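Novice: Task: produce atomic coordinates for the following.
(chains A, B, C and D)
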4 protein chains.
Amino acid sequence: MRIYVYGKPQDIVSGFDDYLDPARTAIVSIDMHRGHLDPSPDCPCPAPRARDIVVPIDAFHDRARALGVPIIHVRSVLRRSGVDDIKGISAAWRRTFPLYVGAIPNSDAHAIEGSPWTEFVTRVAPEDMLVETKKRLSAFYPTDLDFLLRNMRVETIVLDGGFTDCCVLNTAFDASNHNYRVIVARDLVRGTDDPLEAAALAMVSLHIGVVVDSADLLAEWETRKASQERAAVR
Amino acid sequence: MRIYVYGKPQDIVSGFDDYLDPARTAIVSIDMHRGHLDPSPDCPCPAPRARDIVVPIDAFHDRARALGVPIIHVRSVLRRSGVDDIKGISAAWRRTFPLYVGAIPNSDAHAIEGSPWTEFVTRVAPEDMLVETKKRLSAFYPTDLDFLLRNMRVETIVLDGGFTDCCVLNTAFDASNHNYRVIVARDLVRGTDDPLEAAALAMVSLHIGVVVDSADLLAEWETRKASQERAAVR
Amino acid sequence: MRIYVYGKPQDIVSGFDDYLDPARTAIVSIDMHRGHLDPSPDCPCPAPRARDIVVPIDAFHDRARALGVPIIHVRSVLRRSGVDDIKGISAAWRRTFPLYVGAIPNSDAHAIEGSPWTEFVTRVAPEDMLVETKKRLSAFYPTDLDFLLRNMRVETIVLDGGFTDCCVLNTAFDASNHNYRVIVARDLVRGTDDPLEAAALAMVSLHIGVVVDSADLLAEWETRKASQERAAVR
Amino acid sequence: MRIYVYGKPQDIVSGFDDYLDPARTAIVSIDMHRGHLDPSPDCPCPAPRARDIVVPIDAFHDRARALGVPIIHVRSVLRRSGVDDIKGISAAWRRTFPLYVGAIPNSDAHAIEGSPWTEFVTRVAPEDMLVETKKRLSAFYPTDLDFLLRNMRVETIVLDGGFTDCCVLNTAFDASNHNYRVIVARDLVRGTDDPLEAAALAMVSLHIGVVVDSADLLAEWETRKASQERAAVR
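Specialist: Numbers count the residues shown, from 1 in each chain, chains lettered A, B, ... in the order given. So this is what the prediction gives:
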């Protein structure tokens, strides 16, 4: 299995087998919704780089579903009144991100419950699961993701989706702290820009978990599944 | 007030006043203990870059104490039996970090309760507070830090200490998710290397909070405190 | 103010003023949905005693809204696939409660997302808030209730609703641990039977918070609000 | 196996086998320290009824250790400055319990770090574990108990110790919400008085888990262990 350690590929022949059992794994796909991805100028929190990964994520999810790996789609949803954010204690990014990118015209509409901005751009299959109370950066807080993963007896999570250097990285930290094994599919995440994407993946690879190409991961899963099935037949 | 946005200084004249009230602020100093900082070859989880900030952190804390800003020292402590980590579900860094730096000879001794490796290298004053059940990367999990900050009615935390791109960044994410205002003192944190330090500070500055020089922050606090005292005298 | 301590009324003249400020208070109404209250024999988790409090709770909420006290309706919602409960790690009550009441015919339908059993029987006003990821007994886990209350800067919560000796008591414990002041409206909660209702209220009154009649609480709030308004006019 | 459902013994022949595997079980012993149990008039939070269970708890723990069941002793510890409680946001019981029992003379000394009041009265063996940041009622908040149990891959916890109708009941609720199977040893817990003890055990038995006599539980464990050992020999 090829993994990326601080950006450099390494072939790992042993020591990470437990990361690769599809039966104990779930995919957590983060914030692939119109609020980040819509091409409209009204997009309330644009993450245009992530538009490139919509099709590859859908393809990855399809192959994962075929292997029986469950998909959990996480999205930020904020109450209409604003009490969770702009009318309560405002999320920090609303104050800090504009210092870098300038004013974000429609940002007050970000993630508002029932608005089109919360619609997923990636495909959600009937058997997929949703986690919909993300209100800040981590997919774990304040949501039922940890509860759900425990109930599913999942031990490894694979992250894809939006803002490598923000929500994806934060979710990777949280998952690792909660003792999940963490895999980040490097070709299926996008961040602020190339350098911060690379840095976030480097941080994951040093401190948190394993960075892979999704195709390599699928190949591993498929090999293992086939071998399990052969063993079961005997 | 000068802050650093993606590495570039900006003079902020308004909009961040609430970050600068010393009466609602605490300093959270992360893992400045011998397990990271000891010069011995047995140091179980060496972070030698952070040795440079021991003296500056002590000086910063002294001036903060004089202003009445409380200091909370956080350290990782693991039960002697290993049940929290190497004999339970092992922390991810034990498996991933050696892929980059090679084997870490004495890493099993890291953070073991009662060992000299948990001793603070920075000065702990009698009025300071300790948070001692950190067992993974974040200062918040599984610890009583959030509980403590709530009880103190703290709203802003200033981070200093070890691994800018790991425990400091993770703690910044957690604090922000829990709606604390986050300040990172860029001269008082150290990470894996220059690029990952810069990247972690950039991530903080874009998504999480405010990156400052500690001297500028102290100057702001001192100005505000003096002005509050003049107002009180009248 | 009259409160009930281990079932006996006491007139409290001082020491609990901070419990009575409507401006820092929210009402948390627990599981007043058809899954507990529907008269049909298919009701998946019947709590028929609580039908008596639907009208009084609606009246209480109306007067609270008029005073500007926000209402948060909490309900259990489980994913359709059963992964959160009967197909995952089953909730304990599913195994223990039938030992006392016998088999519960339609219990697998309890709280299933999108089913009529999750519909509120009490009135939900447009300005009310919903917390909908309760999956076990506490309104706090795994939900965003704590996050929401923090954002609203609420310090006191008033509980009404279902299963005095179960979800209400558990929520009271959690709220108190998280340093919210807790009030339980004794006339607006119902439990398994009279003795367990009385015992749960006694436990609240000794260890957790304040037990009151809702009419007394409303009278206190109205007095205080009027006095605040007079003060504001001057 | 005989269990108690709302106070009445029932012989359970099937359906609860998973509760009885000693290999996935830990004992959580709550607040058996001098702050509750000391006979001195200075005892800061007297729970004299629990003195009767010190010897039986020690005996139970001895037999459990012989079976390899780990013991976790939990105690409340508060920082000396009072910042966690009387100088921060005061624990509710400090205000409510005196309404029933009258003033508690030395209650400010309760659980203060480093004081004799935090010393365990029950025996702590070298291989036992401690959880020492309990600051309110639950053994889970804000502590590392959940983290520890996960690392140990424990699925069932057995509760003994102090205040059946308060910390024990609250811990049972929390454990159940977090999907641990909960057993309460009815002869090894004590509460405010007989009626509230009985009511708390009834609530556990209906909503949360299983109430047993400790002798019956030990007998089950010993039978199972012997059978496992016979199986291993073959």
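Novice: tell me the strands in chain A, going along the chain?
Specialist: A:2-5, A:8-11, A:25-30, A:71-76, A:129-134, A:156-162, A:181-190, A:210-212 (DSSP state E).
Novice: For stretch A:108-126, buried residues please.
Specialist: A:109, A:110, A:111, A:112, A:115, A:117, A:118, A:120, A:121, A:122, A:123, A:124 (16 or more other CB atoms under 10 Å in any protein chain shown). (C-beta placed from N, C-alpha, C; glycine too.)
Novice: Show me which pair in these is furthest apart.
Specialist: Farthest pair in these (CB to CB) is A:109 and A:123. Separation: 23.7 Å.
Novice: now the longest helix anywhere in chain A against strand A:156-162, angle please.
Specialist: As assigned by DSSP state H, the longest helix anywhere in chain A is helix A:214-233. Orientation check (axes from the mean of the first three to the mean of the last three CA atoms, to 10 degrees): helix A:214-233 against strand A:156-162 gives 150 degrees.
Novice: is helix A:214-233 anywhere near chain B?
Specialist: No. Using CB under 8 Å from any CB of the partner chain, helix A:214-233 stays clear of chain B, with a minimum separation of 16.0 Å.
Novice: Quick one: list the elements packing against that helix.
Specialist: Judged by 3 or more CB pairs under 8 Å, 6 or more residues apart in numbering or on different chains; DSSP states H and E, the packing partners of helix A:214-233 are helix A:54-66, strand A:181-190.
Novice: Return the most buried member of those.
Specialist: strand A:181-190 (a mean of 25; mean count of other CB atoms under 10 Å in any protein chain shown).
Novice: neighbouring strands for that one, and are they parallel or not?
Specialist: strand A:156-162 (parallel), strand A:210-212 (parallel) (DSSP bridges).
Novice: Okay, buried residues for the shortest one please.
Specialist: Yep, that's strand A:210-212 we're talking about. Counting neighbours by 16+ other CB under 10 Å, strand A:210-212 gives A:210, A:211, A:212 as buried.
Novice: So which of those residues is the closest to chain D?
Specialist: Distances from chain D to the buried residues of strand A:210-212, taken as CB to the nearest CB, are shortest for residue A:210 (20.3 Å).
Novice: Please look at the closest one and residue B:96 and confirm they touch.
Specialist: Yes. Between residue A:210 and residue B:96 there is a contact at 7.1 Å, judged by CB atoms under 8 Å.
Novice: Show me which residues of chain A sit near chain D.
Specialist: So far as CB under 8 Å from any CB goes, chain A lies against chain D at A:147, A:150, A:151, A:178, A:179.
Novice: can I get those residues in CSV with neighbour count and distance to chain B?
Specialist: Putting the residues of chain A next to chain D into CSV (neighbours: other CB atoms under 10 Å in any protein chain shown; distance: CB to the nearest CB, whole Å) gives the following:
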residue, neighbour count, distance to chain B
A:147, 23, 15
A:150, 19, 13
A:151, 20, 18
A:178, 21, 8
A:179, 18, 4
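Novice: Would you point out the most distant pair within the residues you listed?
Specialist: A:151 and A:179 (15.5 Å).
Novice: what's near enough to touch the residue of chain A most remote from its centre?
Specialist: No residue in chain A sits farther from the centre than residue A:234, which is 37.5 Å out by CA atoms, centre = their mean. Neighbour list for residue A:234: empty [criterion: CB atoms under 8 Å, 6 or more residues apart in numbering or on different chains].
Novice: surely residue A:39 meets residue A:51?
Specialist: Yes. Applying CB under 8 Å, one finds residue A:39 in contact with residue A:51, separated by 7.4 Å.
Novice: Check residue A:158 and give its pLDDT.
Specialist: Looking at residue A:158, its pLDDT reads 98.
Novice: sorry, back to before: among the strands paired with strand A:181-190, single out whichever gets nearest to residue B:11.
Specialist: strand A:156-162 (31.6 Å).
Novice: Now do that closest one against helix A:54-66, angle only.
Specialist: Using the same axes, to 10 degrees, strand A:156-162 lies at 160 degrees relative to helix A:54-66.
Novice: Alpha carbons of strand A:156-162, as CSV, please.
Specialist: Below are the C-alpha coordinates for strand A:156-162, written out as CSV (Å, rounded to 0.1, in the frame of the first residue of the first chain):
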residue,chain,number,x,y,z
THR,A,156,-11.6,3.5,10.7
ILE,A,157,-12.9,6.5,8.8
VAL,A,158,-12.0,7.8,5.4
LEU,A,159,-12.4,11.5,4.9
ASP,A,160,-13.2,13.3,1.7
GLY,A,161,-14.7,16.7,0.9
GLY,A,162,-14.2,20.2,1.6
